[in-house]
Every structure is written in structure tokens, then in C-alpha cells.
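A.B. asks: Need the 3D shape of this:
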Amino acid sequence: MNYRHAFHAGNFADVVKHATYAWTLARLAEKPKPFVALDTHAGLGEYDLDADQAARTGEWRTGIGRVRDALGTAPAALAPYAASLAALDPRFYPGSPRVAAAHLRAEDRLILCEKHPADAETLRRTFAEETRVEIRADDGYAVLKAALPPKERRGVVLIDPPFEAKDEFARLAGALRQGLKRFATGTFLVWYPIKDRAGPDALIGGFADGAVKRVGVCEIEWAQAPDGKGLRGCGMLSVNAPWRYEEAMREAWGWCADRFPPGAQIRVETVVGE
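C.D. replies: Residues are numbered from 1 along each chain as shown. Coordinates of the predicted model:
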């Protein structure tokens, strides 16, 4: 495995992904019943933006670097994300584990799956004193079978693989179907990169036949990669998103896009309704 997210931490894709995740977690926390958050590809809990990896690419400068200082004027949909950022020194960017931990209540749980041994060990150190957090050094797709359905019967599953495998979009679709069979009422957020339209369109089209209800998609895409490196956008496929999800994501993704490199197009729509 040669992918290390530290090179890409805080880029535009991280911002919209984590803003979506934070908003969803905050909505779950509005109801008194406990919930579980399952992160299938957790990475590190946090990333040092002054470290060599982040400095080498500088991707965060056109992502969180353009967003953080303006969050005071952001729409309400970005307030949960702003709270996640506020929990760390600005030198550090919160990965999805930190985003989730910022929204856990005493009765909630967080399951973090990370296959990379060094990153799994870092997660263990980061959350060593946190009894609500469980670290599983295992393949996230396998944990979907083992951990679902949760005892709480409420929760969100974030599926965010590194897209190293050539068949990752197909594996992703299969994992989502497997997860929904075991946890049909859960909220699922599935992140994907956009380098061309083949993979994203196949993923979305595979859930457009009506067999699965309450499917939505959010995307940000440029005509050409803004950094010249091939990633020209990203998206989030959702199933069973909380009430007013689309309205909130139009606000959040649109506001962020206005601060990213110019030319981004935003797509937020329902693929399959109730």
C-alpha cells in the first residue's frame, strides 16, 4: 500500500467530505438515542500541515487554507465542520476520526478501521484514553460485515477508500450493498474521486434503479484538474441521509466552491426518492 493521505490532507476533497460528515453526525446527535459511527478507511486522526508530506504537495493551501479563516461568514450547514476544526490547533487538520470524535456524546460509539499498520497504531495512541472509540486494524470492507448491524440500530457509515485498486468503484458498490443488507436503516456516506466520469457514473447508475431508496449525490467538479494532477473533482453518494440533507449540502458545498479555485460546478440532487 503506497497511498498515504498525509500528502492530501486538507485539500478541497477533504473539506467537502468532512463538512458533509460533520453535518450528518451533528444531526444524529440531535436525537436522544445513542448512535454509532463506523469509518471503514480511517487514516490518521489528524494531520500536521507543517509536516513534510503536506508541505510537499501544498494541496491544503487551496482547500482548508482558503476556507478556515472565512468560516465566520459561512452558512449554518458548515457550523459542525467549524466545530471540528476548532478542536485542534490550526497547524493540524482533523481527519475523519477527529471529525467524528468532536460530535460524540457520552453514550455514542466510534469504530475506526485502518488496514495500514503504522496508521492503525497512531490511531491507538491518539485515542488511547477514549473509551468510546474502538480501533480495528483490518480491512474496512470486512468490518462492514462484522460490525453491522450495530446494537444501537442508529448510525452513520463513512466509506472512503484510497482508490488504489483498479476495481475500487466496483468493490465500493458491493460493500455498500452488503452494508445496506445488514443495516438497512443506517446512513451511508460514500466518497469517491472524479478523474473521469466512468467510475462515478457507474457507481451512481448502479443505485438508480429504485431497489435502494433515499439515494442522493453531491459533487464538485472542474473541467480540468485545478492542480494539474488529475483529480478534477469528488463526490459523495448518500443513502438514508438526515432530513434537509440536500438543502444543507447545497449551502455547504456551494459556499466552499466559491472559495476554491475558480470554475467548479456543484451538483446536489436526489437519485432515488422515498
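A.B. asks: just checking, residue 34 touches residue 151?
C.D. replies: No: Residue 34 is not in contact with residue 151 according to CB atoms under 8 Å; the separation is 9.0 Å. C-beta here means a position set from N, CA and C on the backbone, and glycine is covered the same way.
A.B. asks: what about these two, which has more around it?
C.D. replies: residue 34 (20 against 8; other CB atoms under 10 Å).
A.B. asks: Pull the number of nearby residues for residue 117.
C.D. replies: 10.
A.B. asks: where does the protein dip in pLDDT?
C.D. replies: Across the chain, the ranges flagged by pLDDT under 70 are 1-4.
A.B. asks: chain center to stretch 149-166: distance?
C.D. replies: 10 Å (CA atoms, centre = their mean, to the nearest Å).
A.B. asks: Stretch 126-138 too?
C.D. replies: Per CA atoms, centre = their mean, the centroid offset for stretch 126-138 relative to its chain is 19 Å.
A.B. asks: those strands in the stretch 1-150 of the chain, which residues are they?
C.D. replies: For the stretch 1-150 of the chain, the strands defined by DSSP state E, counting those that start in this stretch occupy 36-39, 46-48, 92-94, 109-113, 133-136.
A.B. asks: Just send the ones you listed back as a markdown table, with distance to residue 215 and mean neighbour count too.
C.D. replies: Output for the strands of the stretch 1-150 of the chain, formatted as a markdown table (distance: least, CB to CB, whole Å; neighbours: other CB atoms under 10 Å):
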| stretch | distance to residue 215 | mean neighbour count |
| --- | --- | --- |
| strand 36-39 | 19 | 27 |
| strand 46-48 | 31 | 20 |
| strand 92-94 | 28 | 24 |
| strand 109-113 | 23 | 24 |
| strand 133-136 | 27 | 20 |
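A.B. asks: longest helix anywhere in this protein?
C.D. replies: helix 12-28 (DSSP state H).
A.B. asks: tell me the angle that one makes with strand 109-113.
C.D. replies: 150 degrees (axes from the mean of the first three to the mean of the last three CA atoms, to 10 degrees).
A.B. asks: if I pick residue 257, what's in contact with it?
C.D. replies: 220, 264, 266 (CB atoms under 8 Å, 6 or more residues apart in numbering).
A.B. asks: Buried among those residues? Need that as a selection in PyMOL.
C.D. replies: Entered in PyMOL, the line below selects the buried ones among the contacts of residue 257, by 16 or more other CB atoms under 10 Å:
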select buried, resi 220+264+266
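A.B. asks: Just the C-alphas of the longest helix of the chain, formatted as CSV.
C.D. replies: C-alpha atoms of helix 12-28 as CSV (Å, rounded to 0.1, in the frame of the first residue of the first chain):
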residue,chain,number,x,y,z
PHE,A,12,-10.7,20.6,-1.4
ALA,A,13,-11.9,17.0,-1.4
ASP,A,14,-11.3,16.7,2.4
VAL,A,15,-13.1,19.9,3.1
VAL,A,16,-16.4,19.0,1.4
LYS,A,17,-16.2,15.4,2.6
HIS,A,18,-15.6,16.3,6.2
ALA,A,19,-18.2,19.1,6.1
THR,A,20,-20.7,16.6,5.0
TYR,A,21,-19.7,14.0,7.6
ALA,A,22,-19.7,16.6,10.4
TRP,A,23,-23.2,17.9,9.5
THR,A,24,-24.6,14.3,9.4
LEU,A,25,-23.1,13.5,12.8
ALA,A,26,-24.5,16.7,14.3
ARG,A,27,-28.0,15.8,13.0
LEU,A,28,-27.7,12.3,14.5
